[in-house]
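[1] Sequence and predicted structure below; questions after.
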Amino acid sequence: MSLSLETSPSEIGEATPGRHRALGHLALVTLGPILAALVLSGLVLLALGVDPLAYYGYVAQRGLFSWLGLQQTLTRMAPLLCLAAALIVAFRAGIWNLGIDGQFLLGAMTAAALAPFLITALPAWMTLLVAAAGAALVGALWSLLPALLRAYQQVNEIITTLMMTFLGVSFANLLVKLVFLDPGTTVPQTRTLPVADRLPTLFGTTISGGLVLGLVAVVVVHLVMTRTAFGLKLRTVGENPLAARHAGLDVPLLTVAVFAISAALAGLAGGIEILGVHGNLRADWNPAYGLAVIPLVFLARFNGFAAILFVFFYSALMIGGESAARRIGVPHYFTLVLVANLLILLALAEYLDHRRRQRAG
Amino acid sequence: MEALLTGAFLTAFLAGAVAAGVPLLLAGLGEQMSEKAGVLNIGIEGMMLMGAYLGFLVAFASGNVALGFMAGLAGGMAVALLMAILCVGLGLNQIVIGIGLTLGVEGLTALLHHFQFSTTYPRLAAAWRVPIPGLVELPVIGPALFDRHPLVYLAFLLVPLLAWLYRRTALGLTLRAAGEKPAALDVAGIDVATVRFLAVLFTGAMAGLGGAFMANVAAGIFIPFMTGGAGFIGIVLAMLARGRPAWVLIGAVVFGGALSLTTALQVAGLNVPTDLIQMLPFAAVMAVLVLYGRKARLPAALGLAYVRGAR
Amino acid sequence: MLAPSAPLAMTQAATAPVVELRGVTKRFPGVLAVDRVDLALLPGEVHALLGENGAGKSTLVAMLAGLVEPDSGTVLVAGEERRIGSPRAALQQGISTVFQHVMLVPTLTVLENLVLGMSWWRRPDRAELEQRLAGIRSAFGIALDLDQTTGELSLGEQQQIEIVRALLRRSRVLILDEATSMLTPEGADELGALMRRLVKSGLAVVFITHKLDEACRFGDRITVLRLGRKVGELAPEGLAAMDQAAAVEEVVGLMFGDRSIAEARAPRLRKAEGPPVLSVRGLTVTGATRLARADDVSFELRPGEILGIAGIDGNGQKQLAEALAGQRTAAAGAVVLDGRDITRASVAERRRLGLRYLTDDRIGEGAVGGFPVATNTVLKEIGASPSGLAAPSLGGIERPGRIAAHARELIDRYDVRTPAETTPIGRLSGGNIQKVLLARELSGEARVVVFNKPTYGLDVPNITASRNRIAAIADAGIAVLLISTDLEELLDVADRIAVMAAGRLTGIVANDEGARARIGALMIGEAA
């Protein structure tokens, strides 16, 4: 056992020890960083002259304990869950797909371009289906270049996917402003899909049906990665590409497949957000959900069910935070600080845990 | 289209290229040292942003831009220090920490800016310029290149200086060994962690300076998230330059040119969508990677923590 | 059988030790690596440190080199107690080490590697360096080309760079860790002569080896280690009085105690007969360097036959093995298995047809360390078809129960010592990982098995067991290609032995009486 953390994302999450003390242990290395991140971020609030307890209380009240807020929280989960699924596939296969924000936005753009146009000719269900499929396809296409570069030229995908995100954000804006502009409005945005034709809401609430899609995506991805031969192939590539080649796997082809699946899920996330919530895409809209989902997926140790839980709390934090921005005057940038703290403290907790186990032998 | 050939256009274009290129140059040179030493410094974006924020804040509060640059440099180094402690000292994953630091600085600077200036964006006085006697008289390139803030000249002077250090002193060897085979450097009697620690701090200093230049000289204001990927471009420049500072310079000029095309074209009376222009440098990066990606040889131990005795 | 006795005990001087270890102990999680060992290194003496894998040699080297510090015990340098807390401290005390794995930066030139470690602001002074190298060349006969890229040199040449580097530093102690493992028999003799010249100049040389005869041939003093303990020391006076055979016998007793080393194996049945099962014709594979490639390799292998491939590591053996396994595409030539051309077949296809490959890189390539033993036993099945549907133990859906049952059967049959089939394979010892990989390769219908350095890094009982297993496989009618850098191993089990140098097979000889001499000649003739 070597101390060094390889630059493969799959090695970070898989540090779980024997099964006996596993649960308590897992709680410690999971809840520990969460609490520490809340405290550390609270200190930032304190330094800014904001009462952290009041802030956290308000956020929890708005995001979790009010019916309106809870519905918004559950709705917000839909795209985040799809993004989490996208990252689980990539990270378990040892691929750093940091381009999910670009893939997300282009997926959103595709759905926003297709749906209002298709609805004039097709029934609503088919419109939604085609638009969502289009979003996934465009997302996947946007990852093709980094995928091919990584698979066949060994070009580091961290850089290329980040570049493609910057490109994608501008490209989506460009398309909205020049190609798919709604001539009927003064703000630059696409045409709008009527509320009645969007993804159905659940049981008479305002919760978007996208939530179901998101949940299904995460669970299916989790089962495929942990229970099927295909998932085992991808995990083998992620854990040890040399062993994968030795076992006769076509590593480059599987790499491209991982990119395609991951990016398609990210594109689908964008599609769901448009088809379920917004109905159109405004220019310069970029929620940048992607980078925030990364720590959640690490925190969940690439486990789909755990990811659902963390995405739920993070959604509540976002919804509460957005509300707090208006009421308490703390901009939602604060969630970035919290997420960053979480990511760093999580890595630190893994390190301390590893050290402790090393000493224990 | 004749407007494109006028002196005014070319001067504006070159001046813009320099203004946009200098932060990339500084970031690229800084990242180059980290990468040589085996640290993939993804946190450089955060280091630049911290440099921009602190650089601007101090310059604005004190009215002294030079002091602002010092603060920017210190800000970049402070973030780099965190990165060095976590990644070099403790051996945590360089990518996770890099992303974490970038996100954290983005959030923190935006938050602080909000509490200090709300939604106003105060502007600094126009930056100090030092015309170089003689050269400044040259047509077109004179005002674009030789009537600039001293930091511009300094950044350009860094290129031959670093090239000399890498080629003529043992520094280049030490860094390359740290990136290629840290164990070999260790048994040769040089502490790998120290080398990498200092390399990361240097990166932070350069990135902070580059960020401060963006805010204090190129823009004159601080806007949250204003670095907008410049740090990541710096990473790519360092990757493609294969260890040579001169190639970082060439890359920085090319990307700076792409970034400055917007303003220059507006001067020329052409209205090209800003989104398209913003895509140019990133599209250029991807094009270069597609064409030369295989040649972007990276140090063998890049991104890997070194633990003595572990094989 | 052993080379003529080297002049022992010629340079005795009643001098004090340069470096002395007193009662040093080092404990790693779960292992007592070094247990209260005393060691005195005297100038003008080659001190052979002998022991099998796991005896604690590497840990002692690491202590002297400043890579690990002892938990208890003292280190004395020139009679004074010192801490060697870092490689830098070791170098400052005059202790230089040539490690088993080359510690040079492959992308730097020879010159750059020689000056590596100097203060960063200084300029390497080439003229001064060349002057000193000239001195070293006349004194010790080592010549270096300063401008070559280090990675393109053979391992033997790289080792010379490291020795020169130690001389440039004016070291008092030079440690050579398993220094002969990458040398030809001829190269090992040359190293022995060089050590002789080095100690004459007043150096203390520590020669670490697991090979008995080398310790007896080259050592003035021999210390034997077993399971972390020093079990004996033969002083120069005592050694000088014995002849070589007696010395070997004495050392064998110390090394293995009452364990007998190689229980005589039943002679091979040698029923290699019938048409060849595998024919390789003109196989050519490109590689990264001028040595690491396969160049126009041809041979035939009959059922039940063991063909050995001898040669210095890094001369294309791995490229050849990977090309046979289908992991590397051949640039030219043909591979025919049972009359069927498989030159373009995939890894999975070859495996299905009965061609198996046991890699030398057990942990890096052969297994996924974080996966359970059970998963590793079926790792090669998941690549069998694109969907995994045709795999025997896997459907499209994993069947943990069937995989576990399969794994338990193999664990039982191959005597794998593991807590459970769910234990991550990375936690097992090298010998047990080797058993798992062997079990995996032999499951199903194997026709030809390619072994790449199958006993490398194992301890003696596991080495013996592995060799017996290889012989048994061949006796069962399977054709074996045995690639090994250990000539004794090949002479022990192979029917025929080919020598590989710089990517070419320089000759194939039958393993009979004069085989050793003929192989030696082939190696010297062509080895780079």
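    Now that the structure is in, tell me what you want to look at.

[2] residues contacting A:Val44?
    Each residue near A:Val44 by CB atoms under 8 Å, 6 or more residues apart in numbering or on different chains is listed here: A:334, A:337, B:108, B:111. C-beta here means a position set from N, CA and C on the backbone, and glycine is covered the same way.

[3] Return the member of those residues nearest to chain C.
    A:Val337 (33.1 Å; CB to the nearest CB).

[4] ok, back up a step: out of the contacts of A:Val44, who has the most neighbours?
    Scoring those on neighbours with other CB atoms under 10 Å in any protein chain shown, the highest-scoring entry is A:Phe334 at 26 neighbours.

[5] give me the residue from the stretch 101-250 of chain C nearest chain B.
    Closest point on the stretch 101-250 of chain C to chain B, by CB to the nearest CB, is C:Gly117, at 3.4 Å.

[6] How about that residue: what's its closest non-neighbour residue?
    Nearest residue to C:Gly117, sequence neighbours excluded (CB to CB, 6 or more residues apart in numbering or on different chains): B:Ala188, at 3.4 Å.

[7] you'd agree that neighbour is up against C:Leu114?
    No: if you go by CB atoms under 8 Å, B:Ala188 and C:Leu114 don't touch, sitting 9.9 Å apart.

[8] residue ranges with poor pLDDT in chain C?
    With pLDDT under 70 as the threshold, chain C has low-confidence stretches at C:1-14, C:30, C:256-272, C:288-291, C:383-396, C:524-528.

[9] Correction: the previous question concerned chain B.
    B:1-5, B:126-128, B:140, B:142, B:262-263, B:266-269, B:294-297, B:309-311.

[10] mind listing the helices for it?
    B:7-36, B:44-62, B:65-83, B:94-117, B:141-145, B:150-168, B:170-180, B:182-187, B:192-213, B:230-240, B:245-267, B:274-292 (DSSP state H).

[11] Which one of those lies nearest to C:Asn468?
    Among these, helix B:182-187 comes nearest to C:Asn468, with 36.3 Å by CB to CB.

[12] Okay, buried residues for the closest one please.
    Residues B:182-187 are the ones in helix B:182-187 that count as buried (16 or more other CB atoms under 10 Å in any protein chain shown).

[13] Between which two of those is the distance greatest?
    The most distant members of the buried residues of helix B:182-187, if one measures by CB to CB, are B:Pro182 and B:Val187, lying 9.9 Å apart.

[14] could you give the mean pLDDT of stretch A:199-212?
    Averaged across stretch A:199-212, the pLDDT comes to 81.

[15] returning to what we had before: would you format the buried residues of helix B:182-187 as JSON lines with distance to chain A included?
    Output for the buried residues of helix B:182-187, formatted as JSON lines (distance: CB to the nearest CB, whole Å):
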{"residue": "B:Pro182", "distance to chain A": "10"}
{"residue": "B:Ala183", "distance to chain A": "11"}
{"residue": "B:Ala184", "distance to chain A": "16"}
{"residue": "B:Leu185", "distance to chain A": "16"}
{"residue": "B:Asp186", "distance to chain A": "13"}
{"residue": "B:Val187", "distance to chain A": "17"}
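
[16] Which member of those is positioned nearest C:Gly287?
    B:Ala184 (22.5 Å).

[17] Does that closest one touch B:Thr174 like I think?
    No: counting by CB under 8 Å, B:Ala184 stays clear of B:Thr174, with 11.0 Å between them.

[18] any common contacting residues for those two?
    The contact sets of B:Ala184 and B:Thr174 overlap at C:Leu116 (CB under 8 Å, 6+ apart).

[19] Could you pull up the residues touching residue 234?
    Since no chain was named, I'll use chain A. Taking CB under 8 Å, 6+ apart, one finds A:89, A:92-93, A:225, A:254, A:257-258 in contact with A:Leu234.

[20] that's the wrong chain, I meant chain C
    By CB under 8 Å, 6+ apart, the neighbours of C:Leu234 are C:221-224, C:247, C:250-251.

[21] what do you get for B:Leu29?
    Per CB under 8 Å, 6+ apart, neighbours of B:Leu29: B:155, B:158-159, B:162, B:206, B:238, B:245, B:248.

[22] What distance do you get for it to chain A?
    17 Å (CB to the nearest CB, to the nearest Å).

[23] Could you check how far that residue is from B:Leu157?
    11 Å (CB to CB, to the nearest Å).

[24] Report whether the expected contact of C:His210 with C:Gly51 is present.
    Yes: between C:His210 and C:Gly51 there is a contact at 6.6 Å, judged by CB under 8 Å.

[25] the helices in the stretch 201-350 of chain C, which residues?
    C:212-218, C:236-241, C:244-256, C:317-325, C:347-352 (DSSP state H, counting those that start in this stretch).

[26] which bits of the stretch 251-361 of chain A sit near chain B?
    Residues of the stretch 251-361 of chain A lying near chain B by CB under 8 Å from any CB of the partner chain: A:291-292, A:294-295, A:298, A:330-331, A:333-341, A:343-344, A:346-348, A:351.

[27] I'd like to know which elements the helix or strand where C:Ala521 lies is packed against.
    Under the criterion DSSP states H and E, the helix or strand holding C:Ala521 is helix C:515-526. For helix C:515-526, the packing partners by 3 or more CB pairs under 8 Å, 6 or more residues apart in numbering or on different chains; DSSP states H and E come out as helix C:185-200, helix C:487-493, strand C:496-501, strand C:504-510.

[28] now do 10 Å
    helix C:185-200, strand C:306-310, helix C:487-493, strand C:496-501, strand C:504-510 (3 or more CB pairs under 10 Å, 6 or more residues apart in numbering or on different chains; DSSP states H and E).

[29] Counting neighbours, which bits of it end up buried?
    In helix C:515-526, counting by 16+ other CB under 10 Å, buried: C:515-516, C:518-523, C:526.

[30] just how off-centre is it within its chain?
    Chain-centre distance of helix C:515-526: 20 Å, with CA atoms, centre = their mean, to the nearest Å.

[31] Save the helices of the stretch 201-350 of chain C as JSON lines, and put in mean neighbour count and distance to C:Phe371 too.
    Conversion of the helices of the stretch 201-350 of chain C to JSON lines gives the following (neighbours: other CB atoms under 10 Å in any protein chain shown; distance: least, CB to CB, whole Å):
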{"stretch": "helix C:212-218", "mean neighbour count": "23", "distance to C:Phe371": "38"}
{"stretch": "helix C:236-241", "mean neighbour count": "16", "distance to C:Phe371": "49"}
{"stretch": "helix C:244-256", "mean neighbour count": "17", "distance to C:Phe371": "36"}
{"stretch": "helix C:317-325", "mean neighbour count": "24", "distance to C:Phe371": "21"}
{"stretch": "helix C:347-352", "mean neighbour count": "20", "distance to C:Phe371": "19"}
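
[32] Nearest approach to C:Gly151 belongs to which of those helices?
    Closest among the helices of the stretch 201-350 of chain C, once you apply CB to CB, is helix C:317-325, at 15.8 Å.

[33] got the CA coordinates for that closest one in PDB?
    Below are the C-alpha coordinates for helix C:317-325, written out as PDB (Å, rounded to 0.1, in the frame of the first residue of the first chain):
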ATOM      1  CA  GLN C 317      11.600  -9.900 -23.500                       C
ATOM      2  CA  LYS C 318       8.600  -7.900 -22.400                       C
ATOM      3  CA  GLN C 319       7.900  -6.700 -25.900                       C
ATOM      4  CA  LEU C 320       8.000 -10.300 -27.200                       C
ATOM      5  CA  ALA C 321       5.700 -11.500 -24.400                       C
ATOM      6  CA  GLU C 322       3.200  -8.800 -25.000                       C
ATOM      7  CA  ALA C 323       3.200  -9.300 -28.700                       C
ATOM      8  CA  LEU C 324       2.500 -13.000 -28.100                       C
ATOM      9  CA  ALA C 325      -0.300 -12.200 -25.700                       C
END
